[in-house]
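no sequence for this one, just the structure:
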């Protein structure tokens, strides 16, 4: 299973609805706060980040996260998976999955790298968009937060 310090099962919500991008980001912030990864103020930083640059990354996925100044609102590295089966208009792009990130320091780099690998694999990206079971999401994201030794 994925590292529980990074991806907690109760941070996976697969049946959410949101009328717009900002509402979806607020839901993502609430999930990160609910698992204790961030203070509630982090959501405002996520919205601020989105106003400066889109966190849409393709394949129907967005990776909302806070600004550099919001690091003080992060209690520990975490990701969540929030699926919007009906989709959300993300500045003209349809988003069905948000993977909000909370990271202190450079912790987000490894997380983004692992997520990018999923998005580069059309089958894995489709599986993430269509996931109905949190265990499937955990299996897909298993490498996230794990260190490899060579």
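Yep, that arrived. Note that the structure is a prediction, hence the values are computed from the model and not measured.

Of all residues in the protein, which one is nearest the centre?
Closest residue to the average C-alpha location of the chain: residue 99 at 1.5 Å, with CA atoms, centre = their mean.

Chain neighbours aside, what residue packs nearest to it?
Of all residues not flanking residue 99 in the chain, residue 63 sits nearest, at 5.0 Å (CB to CB, 6 or more residues apart in numbering). To be clear about C-beta, it is placed using only N, CA and C from the backbone, and glycine gets the same treatment.

ok so, going back, what about the residue nearest to the centre of the chain, distance to residue 72?
Going from residue 99 to residue 72 by CB to CB, to the nearest Å gives 22 Å.

contacting residues for residue 116?
Residues counted as contacts of residue 116 (CB atoms under 8 Å, 6 or more residues apart in numbering) are residue 57.

Please repeat the previous calculation with a cut-off of 10 Å.
By CB atoms under 10 Å, 6 or more residues apart in numbering, residue 116 lies in contact with 57, 58, 63.

now residue 46
Residue 46 touches 22, 25-26, 28-29, 32, 38, 55, 64-67, 70, 73, 98, 100-102, counting by CB under 10 Å, 6+ apart.

which element follows the lowest-mean-pLDDT helix or strand in the chain toward the C-terminus?
Least confident helix or strand of the chain, by mean pLDDT, DSSP states H and E, is helix 107-120 with a mean of 74. For helix 107-120, the following helix or strand on the C-terminal side (DSSP states H and E) is helix 122-130.

Just name whatever secondary elements that next one is in contact with.
Packing partners of helix 122-130 (3 or more CB pairs under 10 Å, 6 or more residues apart in numbering; DSSP states H and E): strand 61-62, strand 78-90, strand 93-98, helix 107-120, helix 134-140.

where does this structure have low pLDDT?
Where the chain drops to pLDDT under 70, the residues are 1-5, 105-112, 143-150.

Against residue 98, how distant is residue 14?
Taken as CB to CB, the span from residue 14 to residue 98 is 11 Å.

rewinding a little: shouldn't the residue nearest to residue 99 be in contact with residue 101?
Yes - using CB atoms under 10 Å, residue 63 is in contact with residue 101, at 6.0 Å.
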